[in-house]
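Q: I need the structure of the sequence given here:
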Amino acid sequence: MRSIDDIMRDRVDSLDMAREEQLANIQELLSNLYPGKVRARRLQRQVLTVETPSSAVANDLRLRREELLDKFSDMEVVDIKISIG
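A: Numbering: from 1, shown residues only. Modelled structure (predicted):
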């Protein structure tokens, strides 16, 4: 019989893999929209954090927020945080 620790560890690993796959899909979409200008950094608690070195791109992301959320809705993204860095 498996211990609860083993079961929990397996579950966490599977969730991490699913999140990484979602993040890769999001990055692919962002790369198509903003080639080389936006990086998907984190997806945690349905909040996507993206980073760009350009304030102009950050502003465009803010203006297109609703459109992006629609594109990401099947990935369970409900909010987007944008950082410049």
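Q: going forward, measure contacts between C-alpha atoms and count neighbours the same way
A: OK.
Q: you'd agree I82 is in a strand?
A: Yes. Applying DSSP: H, G, I helix; E, B strand; the rest coil, one finds I82 inside a strand.
Q: excluding chain neighbours, give the residue nearest to K37 in space.
A: Distance criterion C-alpha to C-alpha, 6 or more residues apart in numbering; nearest residue to K37, sequence neighbours excluded, is T52 at 5.8 Å.
Q: I82 now?
A: Leaving out its chain neighbours, the residue that sits closest to I82 by C-alpha to C-alpha, 6+ apart is V50, at 5.1 Å.
Q: which residues does the one you found bridge with?
A: A40, I82 (DSSP bridges).
Q: just give me the neighbour total for it.
A: As a burial measure, V50 scores 21 neighbours (other C-alpha atoms under 10 Å).
Q: quick one: the helices in the chain?
A: For the chain, the helices defined by DSSP state H cover 4-33, 55-63, 65-72.
Q: for this structure, name the helix or strand with the lowest mean pLDDT.
A: helix 4-33 (a mean of 78; mean pLDDT, DSSP states H and E).
Q: coming back round to it: from R41, how far out is the residue nearest to I82?
A: Using C-alpha to C-alpha, to the nearest Å, one obtains 5 Å as the distance from V50 to R41.
Q: cool, and V77?
A: Counting by C-alpha to C-alpha, the gap from V77 to R41 is 13 Å.
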